[in-house]
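Enquirer: need a 3D model of the sequence below.
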Amino acid sequence: MSYQIEPHQHTIQRGVSCCGVGLHTGRTVNLTINPAPAHTGIQFLRSDLPDRPVIPARVEQVSQTTLATTIGKGAHAISTTEHLLAALRGCGVDNAVVELDSHEVPIMDGSAGPFIRLLKTAGLLRQRALRKVMRITRPIVYTEGSKSIRIDPYNGYKVTARIQFDDALINEQQYSIEVTPERFIKEIAKARTFGFVEQVEHLWQNGLALGSTLDNVIAIHWDRRSILNEDGLRFDDEFIRHKVLDIIGDMALLGSPLMGHVTADCSGHGLHHAFMQAIIGNPLAWEYVTFKKNGNSLLRQVVKTTQDSGNRFAPLFRPLGSNISPQPVCLI
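Expert: The predicted structure follows:
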């Protein structure tokens, strides 16, 4: 087997903290990532609320996908989860409790880079429990109009994405990456979120993006040929790299590492959520497996029937109105 998956679950060695602002609220947010026992998964804890609710980072908890991914319900919610979840998944952290004193993950510099630095400071800790990996066994395709996303069986975790904008700066960009911690940190983590200047102004007028500045958003000039950020782009194709980051972060809500090849064409958070629902809703197309080392090789063991898993997930989904369209699912 060429795919060098780490068989064991990981958490962090020690708690680490940071402080930033919410992209949309503009409020100061204090965030701490704490170690967690095996099989905990990634959980968010709202320390500012009297009952200190815990919200699992799972697809069935998604409540909103406009401009960012939000999990939870009502006051018990966490928004803009995708960059932090991408950092945790990209570094191979399976179990952690993220404590916040607000409902929005701080935007930091608009990328996953600051969270990667936090996790490096914390250090990784291998746990005795084996990982449960979601292995794709049959292709699944989801489309909404001209946008589409699919996943195919693959001996690893790979993401390929394409975006198309009618401007000279972005135009068409594509990127493909084998998602390993080394390549994620080097090629994807530092890519920042972006927006058109007039869109940001419109969001400001509607009480959104109040924390956005040139320090955390790539602002595309009105002429569509340049950006307002004086330090320029971190990569020539930073825009598509950030889309790949968002895909990795959103797909982490499946709750397990993936074995499959995700191909996304002009996708966004709403499409990602609908696609994850399509995956869970097609239990004949995947299985949970663990891997155990036998010398220098890895042995695979199916640990749960997918039919049971699909039946367990199905009643938990909550529709997101216009974001979800059930008919375009295609199981090949």
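Enquirer: CA atoms for contacts and neighbours, from now on please.
Expert: Fine.
Enquirer: count the neighbours of the spatially closest residue to residue 25 that is not a sequence neighbour for me.
Expert: Spatial nearest neighbour of residue 25, chain neighbours left out: residue 210 (5.5 Å); criterion: C-alpha to C-alpha, 6 or more residues apart in numbering. Using other C-alpha atoms under 10 Å, residue 210 has 19 other residues around it.
Enquirer: which ones are touching residue 121?
Expert: residue 16 (C-alpha atoms under 8 Å, 6 or more residues apart in numbering).
Enquirer: repeat the analysis, applying 10 Å as the threshold.
Expert: Contact analysis of residue 121 by C-alpha atoms under 10 Å, 6 or more residues apart in numbering lists 12, 13, 14, 15, 16, 115.
Enquirer: for the record, mean pLDDT for the strand or helix carrying residue 151?
Expert: Using DSSP states H and E, the element containing residue 151 is strand 147-152. The average pLDDT within strand 147-152 is 98.
Enquirer: show me where the stretch 201-332 of the chain has its strands.
Expert: Taking DSSP state E, counting those that start in this stretch as the test, the strands found in the stretch 201-332 of the chain are 218-220, 258-265, 286-294, 297-304, 330-331.
Enquirer: what residues does the first one touch?
Expert: If you take C-alpha under 10 Å, 6+ apart as the criterion, strand 218-220 is touched by 109-110, 169-170, 191-200, 212-213, 226-229, 232-233, 238-239.
Enquirer: show me how to select, in PyMOL, the buried members of those residues.
Expert: Buried residues among the contacts of strand 218-220 (16 or more other C-alpha atoms under 10 Å), as a PyMOL selection:
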select buried, resi 109+110+169+170+191+192+193+194+196+197+200+212+227+229+238+239
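Enquirer: am I right that residue 82 is in contact with residue 273?
Expert: No. Applying C-alpha atoms under 10 Å as the test, residue 82 and residue 273 come out as separate, 11.7 Å apart.
Enquirer: which residues do the two both contact?
Expert: Between them, residue 82 and residue 273 share the contacting residues 69, 247, 250, 251, 253, judged by C-alpha under 10 Å, 6+ apart.
Enquirer: mind listing what the residue nearest to residue 238 when sequence neighbours are not counted touches?
Expert: Computed as C-alpha to C-alpha, 6+ apart, the closest residue to residue 238 that is not its neighbour in sequence is residue 191, at 5.4 Å. Counting by C-alpha under 10 Å, 6+ apart, residue 191 touches 109-113, 218, 233-235, 237-245.
Enquirer: quick one on the thing from earlier: and the contacts of the helix or strand that the strand holding residue 151 is followed by?
Expert: Next in sequence after strand 147-152, counting helices and strands by DSSP H and E, comes strand 157-164. Under the criterion C-alpha under 10 Å, 6+ apart, residues 3, 5, 135, 147, 149-152, 170-180, 239-241, 243-245, 247-248, 257-267 lie in contact with strand 157-164.
Enquirer: and strand 157-164, which strands flank it?
Expert: Here strand 157-164 has these sheet partners by DSSP bridges: strand 172-178 (antiparallel), strand 258-265 (parallel).
Enquirer: so which of the strands of the stretch 201-332 of the chain is nearest residue 40?
Expert: The closest of the strands of the stretch 201-332 of the chain to residue 40 is strand 286-294. By C-alpha to C-alpha, the value is 16.4 Å.
Enquirer: could you give the mean pLDDT of that closest one?
Expert: On average, strand 286-294 scores 88.
Enquirer: what is that strand packed up against?
Expert: strand 8-12, strand 124-130, strand 133-136, strand 258-265, strand 297-304, helix 306-313 (3 or more C-alpha pairs under 10 Å, 6 or more residues apart in numbering; DSSP states H and E).
Enquirer: next structured bit after the shortest one?
Expert: Spelled out, it's strand 133-136. Sequence order places strand 140-144 as the next helix or strand after strand 133-136, per DSSP H and E.
Enquirer: all good on my end, thank you.
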